[in-house]
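*Asks:* no sequence for this one, just the structure:
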């Protein structure tokens with residue numbers, strides 16, 4: 001089974017595999033690490049990130065676990081731990097807003113359980129705006145898991161034209177059998 005079930009987690013393939021659920025302002029784009037007014041990332045193999053604009057930008061992937069080769073009976077009985085990770089940062093010259101929502105879904109795309117990061121607002125004048133990891137592990141969620149929805153994004157806080165909003169990279173969804 002693959003490690004990370006998310007495709008194109010760092011923007012190496014531009015916006016491929018991501019559904020742009022909100023694409024406001026000057027829209028989503030990818031940039032090379034560390035970027036203008038940026039921060040070095042702790043993993044040198046990650047060379048790009050996604051960046052947001054001055055209106056909400058959200059992007060989503062839905063992972064089909066049966067298509068990925070998982071057995072429905074095993075999923076129902078074992079209820080394996082599902083761990084999600086994401087990394088976000090702001091520029092040093094502009095604040096931003098970040099949010100992450102991950103949902104475990106049944107065969108009808110109904111939510112079994114959900115993780116919402118609190119909406120984070122970063123202000124470079126008073127906050128550490130370097131790359132920050134958010135993670136969550138789902139356990140004991142009951143039978144029925146068939147899909148995982150991973151959606152994240154945000155915007156800047158100053159409504160500046162361009163790409164001054166939150167930056168995201170290193171996203172992952174892993175299943176631990």
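*Replies:* Yep, it's here. What you see is a predicted model; the values in this text were computed from it and never measured.

*Asks:* any idea what the residue nearest the centre of the chain is structurally, helix, strand or coil?
*Replies:* With the centre of the chain defined as its mean C-alpha position, the nearest residue by Cα atoms, centre = their mean is residue 152, 4.5 Å away. With DSSP: H, G, I helix; E, B strand; the rest coil as the basis, the three-state label of residue 152 is strand.

*Asks:* just residue 76 next, same as before
*Replies:* Quick answer, by three-state DSSP: residue 76 is helix.

*Asks:* Isn't it up against residue 112?
*Replies:* No. If you go by Cβ atoms under 8 Å, residue 76 and residue 112 don't touch, sitting 11.3 Å apart. Quick note: C-beta positions are derived from backbone N, CA and C, even for glycine.

*Asks:* who has more neighbours, the two?
*Replies:* The neighbour count for residue 76 versus residue 112, taken as other Cβ atoms under 10 Å, is higher for residue 112 (17 against 13).

*Asks:* Tell me which residues touch the residue lying closest to that one once chain neighbours are set aside, please.
*Replies:* Distances taken as Cβ to Cβ, 6 or more residues apart in numbering place residue 104 nearest to residue 112, at 4.5 Å, with adjacent residues excluded. Applying Cβ atoms under 8 Å, 6 or more residues apart in numbering, we find residue 104 in contact with 82, 111-114, 138, 141, 145, 147-148.

*Asks:* re the thing from before, if I look at residue 76 and residue 112, which residues touch both of them?
*Replies:* 144-145.

*Asks:* Dump the contacts of residue 104 to CSV, plus distance to residue 57, secondary structure and pLDDT.
*Replies:* Compiled in CSV, the contacts of residue 104 are given as follows (distance: Cβ to Cβ, whole Å; DSSP: H, G, I helix; E, B strand; the rest coil; pLDDT from 0 to 100):
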residue, distance to residue 57, secondary structure, pLDDT
82, 25, strand, 97
111, 23, strand, 98
112, 27, strand, 98
113, 26, strand, 98
114, 21, strand, 98
138, 25, strand, 98
141, 29, coil, 97
145, 28, coil, 98
147, 23, strand, 98
148, 21, strand, 98
